[in-house]
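[1] Build me a model from this:
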Amino acid sequence: MTGHPSPTVISRYADGDELDEATLWSVEVHLEECADCRARLAGSAPEEVLTLLARVSDGVDQGVTAGPAPVRERRHWSAARNRWLVWQLIPWLTMTAAVLLVAVTLQALEPSLPSLVLLLAPVAPLPGVAVAWSRGSDPAWELIASTPTAGLPLLLRRTVTVLLVVIPMLGLATDRTGVSLALALLPCLAFTTTTLALGALVGVRLAALGLAAAWGLVVALPAVFTAHLPVVLQPGSLGVWAFIAVASAAFAMTRADRFLRRR
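    Below is the predicted model of the structure:
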């Protein structure tokens, strides 16, 4: 069919008369693009159809007028929560608390052991940090990754949440075992910031796993076997830990854009 459908065809279409498939298809395609023919079709509709459409339109208008006022759009609290916490952190934080409790218990049973709390303090926050910004651990990752707060800002918020849980645990553990909180806290912060710094290069999860494995093999296990704390956990090492924490945090801030590409 070329040009406009004839008035007869439009009338038959409006009445629901049977048309061949080619004519029916060409009329519907033409009506999508031609306002004049749509107006002609509306005028050709049966009276009962026009009456029904008018009644429906009036009902919709009355419902809109009599309905409640539009609800003000409010920011859902879960959106703010997801920036600071992902539920997948909870099992890891629970595991950290359990491990520290075991360390305190073993220390009480075997006072000859080196301070297990100090040996665990540097790696205590790493499981939580590893899942803080990860595609595999966050069900809403695809949605959050597209927001302006994704990447390093989101990772920092969730890391703060991890530290707010882990640091009180370390405080209680050091109080029970009589070791210095500063000796536990500074290595804990230094390993956390170093994880973020390395995370900009290799990914946060891989950085956390690598640092935890290296600390366990090079420092923690030899200290348990020799029953002596390593020099890196002696009071004289506090300045070194503070320097590592500041330097690695500064490096992570300069590589903020890479956290959108690293998972």
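[2] pLDDT weak spots in this protein?
    1-2, 16-17, 42-54, 57, 63-64, 67-88, 133-152, 257-263 (pLDDT under 70).
[3] Would you map out the domains in it?
    Per automatic domain parsing, the domain ranges recorded for the chain read 7-66, 80-260.
[4] what's the most buried one of those domains?
    Most buried of those by mean neighbour count (mean count of other Cβ atoms under 10 Å) is domain 80-260; its value is a mean of 17. All C-beta spots, glycine's among them, are computed from the backbone N, C-alpha and C.
[5] which strands and helices sit next to the lengthiest helix in the chain?
    As assigned by DSSP state H, the longest helix anywhere in the chain is helix 152-177. Under the contact definition 3 or more Cβ pairs under 8 Å, 6 or more residues apart in numbering; DSSP states H and E, helix 152-177 sits against helix 77-84, helix 89-109, helix 116-120, helix 126-130, helix 181-202.
[6] Look at the residue of the chain positioned farthest from its centre and tell me its secondary structure.
    The centre of the chain is farthest from one residue, residue 8, which by Cα atoms, centre = their mean lies 61.0 Å away. Three-state call for residue 8 (DSSP: H, G, I helix; E, B strand; the rest coil): helix.
[7] picking that back up, mind putting the helices and strands packed on helix 152-177 in CSV, distance to residue 244 included?
    Formatted as CSV, the helices and strands packed on helix 152-177 follow (distance: least, Cβ to Cβ, whole Å):
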stretch, distance to residue 244
helix 77-84, 26
helix 89-109, 21
helix 116-120, 16
helix 126-130, 15
helix 181-202, 4
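[8] Would you mind listing the residues in contact with residue 190?
    122, 241, 242, 244, 245, 248 (Cβ atoms under 8 Å, 6 or more residues apart in numbering).
[9] ok, 6 Å please
    Residues in contact with residue 190 (Cβ atoms under 6 Å, 6 or more residues apart in numbering) are 241, 244, 245.
[10] Which strand or helix spans the second one?
    According to DSSP states H and E, residue 244 maps onto helix 238-254.
[11] So which elements touch that helix?
    Counting contacts by 3 or more Cβ pairs under 6 Å, 6 or more residues apart in numbering; DSSP states H and E, helix 238-254 packs against helix 181-202.
[12] The helix it packs on: how far from the chain's middle?
    21 Å (Cα atoms, centre = their mean, to the nearest Å).
[13] For the helix or strand just after it, list the C-alpha coordinates in PDB.
    Scanning forward in sequence from helix 181-202 by DSSP H and E, the next helix or strand is helix 204-215. Output of helix 204-215 as PDB, limited to C-alpha atoms (Å, rounded to 0.1, in the frame of the first residue of the first chain):
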ATOM      1  CA  VAL A 204      42.700  -5.400  47.200                       C
ATOM      2  CA  ARG A 205      41.800  -9.100  47.700                       C
ATOM      3  CA  LEU A 206      45.100 -10.300  46.300                       C
ATOM      4  CA  ALA A 207      47.100  -7.700  48.300                       C
ATOM      5  CA  ALA A 208      45.400  -8.800  51.500                       C
ATOM      6  CA  LEU A 209      46.000 -12.500  50.900                       C
ATOM      7  CA  GLY A 210      49.600 -11.800  49.900                       C
ATOM      8  CA  LEU A 211      50.400  -9.700  53.000                       C
ATOM      9  CA  ALA A 212      48.700 -12.100  55.400                       C
ATOM     10  CA  ALA A 213      50.600 -15.100  53.900                       C
ATOM     11  CA  ALA A 214      53.900 -13.300  54.000                       C
ATOM     12  CA  TRP A 215      53.400 -12.200  57.600                       C
END
